[in-house]
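# based on what follows, work out the 3D shape:
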Amino acid sequence: MSIRTERVARLMQREIAELLVGEYSEQLPRLVTVTGARTTKDLSIVYVYVSVMGANEAEKQAAFRHLQDLTPRLRTSLAQRVRHQVRAVPELRFFLDETLDTAARIDDLLERIRRERDRRESD
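Residues are numbered from 1 along each chain as shown. The predicted structure follows:
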């Protein structure tokens, strides 16, 4: 990535995160965290990665769908915030980042292996 695309990606990540915590926090049923963002070379699209805290997968998916429904309003609010820093506000595309869930599953598997190994060694 070029310096410009990285700067725009960081700007979009920061501003979207602030919008979700501020203006849109009550409209989302669950806590949504922006974990990353990247832009296309022509700065026309921003891929925004979000993590949704939820009790189960159905709640996470519902919150994510609600976030996707808010995308046009988010983009309008984003345009007002960054209008002096970018020529055109890029299209927003959200993706569910499941890195934390994957890490938790790996930790759980490793813990099971440790317990099994300890059990076998003590026998």
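# model confidence for residue 59, exactly?
Residue 59 is assigned a predicted lDDT (pLDDT) of 84.
# do you know how far it is from residue 65?
11 Å (Cβ to Cβ, to the nearest Å). Backbone N, C-alpha and C define where each C-beta goes, glycine included.
# of these two, which one has the most company?
Shown here are residue 59 and residue 65; by other Cβ atoms under 10 Å, residue 59 has more neighbours (14 against 11).
# what stretches of the protein score poorly on pLDDT?
1, 55 (pLDDT under 70).
# which of the helices or strands spans the residue nearest to the spatial centre of it?
In the chain, the residue lying closest to the centroid (Cα atoms, centre = their mean) is residue 50, at 1.2 Å. Assessed by DSSP states H and E, residue 50 sits inside strand 45-52.
# what packs against that strand?
Applying 3 or more Cβ pairs under 8 Å, 6 or more residues apart in numbering; DSSP states H and E, we find strand 45-52 packed against helix 3-21, strand 32-39, helix 57-69, strand 91-96.
# that one: partners in the sheet, and parallel or antiparallel?
strand 32-39 (antiparallel), strand 91-96 (parallel) (DSSP bridges).
# now mean neighbour count and distance to residue 26 too, for those, in a markdown table please.
Shown next, in a markdown table, are the strands paired with strand 45-52 (neighbours: other Cβ atoms under 10 Å; distance: least, Cβ to Cβ, whole Å):
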| stretch | mean neighbour count | distance to residue 26 |
| --- | --- | --- |
| strand 32-39 | 20 | 12 |
| strand 91-96 | 16 | 19 |
